[in-house]
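Engineer: Sequence and predicted structure are below.
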Amino acid sequence: MDAKARINIGSFDRGGRNRVPTETDDHDFHLKTTVAPYVIFLPELDDLFLYFTESKVTSDFIVDILTDFWKSEEERFSQIKTLVINQDNGGENSSRRTQFMKRIVDFAQEYKLQHFAGG
C-alpha cells in the first residue's frame, strides 16, 4: 500500500496525439481538481487496486480503503487469518500515530485477523 504524488485533473495539452479533435488548455491555470492516488498491490497475484482522493491522504482514508478492498475481495481471501501490510512509515500511517493504530487494530478485530504492532 502506498500513496503517490498528487495529479492535476483538467483539460491540459501535453503535445500528445489524439484521434478525436479535443479542445485543451495550454497551461495548468484552470484545474478541475487534484487527486492523490493510493495503491494496493498484491505482487504474488499481480493485482493492482487504485483508489483516489481529492482530499489529503489520512490515517482514516488508508483504513477506509483497506476496509473497502477487504469487503470487495472477501471471498477471494476468506482463508486468510494473518494480513501483512507493507507500507512506508509516513506521517499518516506511522506506528506512533494513534489514530492509525487504533483503526488498523479495529479492522483486524472486525475481520478476525491476527494483529501485532511492528516498528
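Structural biologist: Alright, I've got the coordinates. What you are looking at is a predicted structure, and each value in this text was computed from that prediction instead of being measured.

Engineer: how far is the helix or strand bottoming out on mean pLDDT in the chain from where the chain is centred?
Structural biologist: Lowest mean confidence among the helices and strands of the chain (mean pLDDT, DSSP states H and E): strand 7-9, at a mean of 81. Centroid displacement of strand 7-9 relative to its chain, using C-alpha atoms, centre = their mean, to the nearest Å, is 16 Å.

Engineer: Follow the chain on from it and name the next helix or strand.
Structural biologist: Toward the C-terminus, strand 7-9 is succeeded by strand 33-42 as the next helix or strand (DSSP states H and E).

Engineer: Specify the next element, helix or strand, located C-terminal of that following strand.
Structural biologist: Counting by DSSP H and E, the next helix or strand C-terminal to strand 33-42 is strand 47-53.

Engineer: Specify the angle between that next one and strand 33-42 in degrees.
Structural biologist: Interaxial angle of strand 47-53 relative to strand 33-42 (axes from the mean of the first three to the mean of the last three C-alpha atoms, to 10 degrees): 150 degrees.

Engineer: Give me the buried positions along strand 47-53.
Structural biologist: With burial defined by 16 or more other C-beta atoms under 10 Å, the residues of strand 47-53 counted as buried are Tyr51, Thr53. Bear in mind the C-beta positions are built from the backbone N, C-alpha and C, glycine included.

Engineer: Return the per-residue confidence for the residue lying farthest from the centre of the chain.
Structural biologist: If you look at how far each residue of the chain sits from its centre, by C-alpha atoms, centre = their mean, the farthest one is Pro21, at 33.4 Å. pLDDT for Pro21: 75.

Engineer: swap in Gly15?
Structural biologist: Listed pLDDT for Gly15 reads 65.

Engineer: all numbers from here: first residue = 9
Structural biologist: Noted, 9 is the first residue going forward, which turns the last one into Gly23.

Engineer: Go through stretch 63-82 and flag the buried ones.
Structural biologist: Burial within stretch 63-82, assessed by neighbour count using 16+ other C-beta under 10 Å, is assigned to Val65, Thr66, Ser67, Phe69, Ile70, Val71, Ile73, Leu74, Phe77, Trp78.
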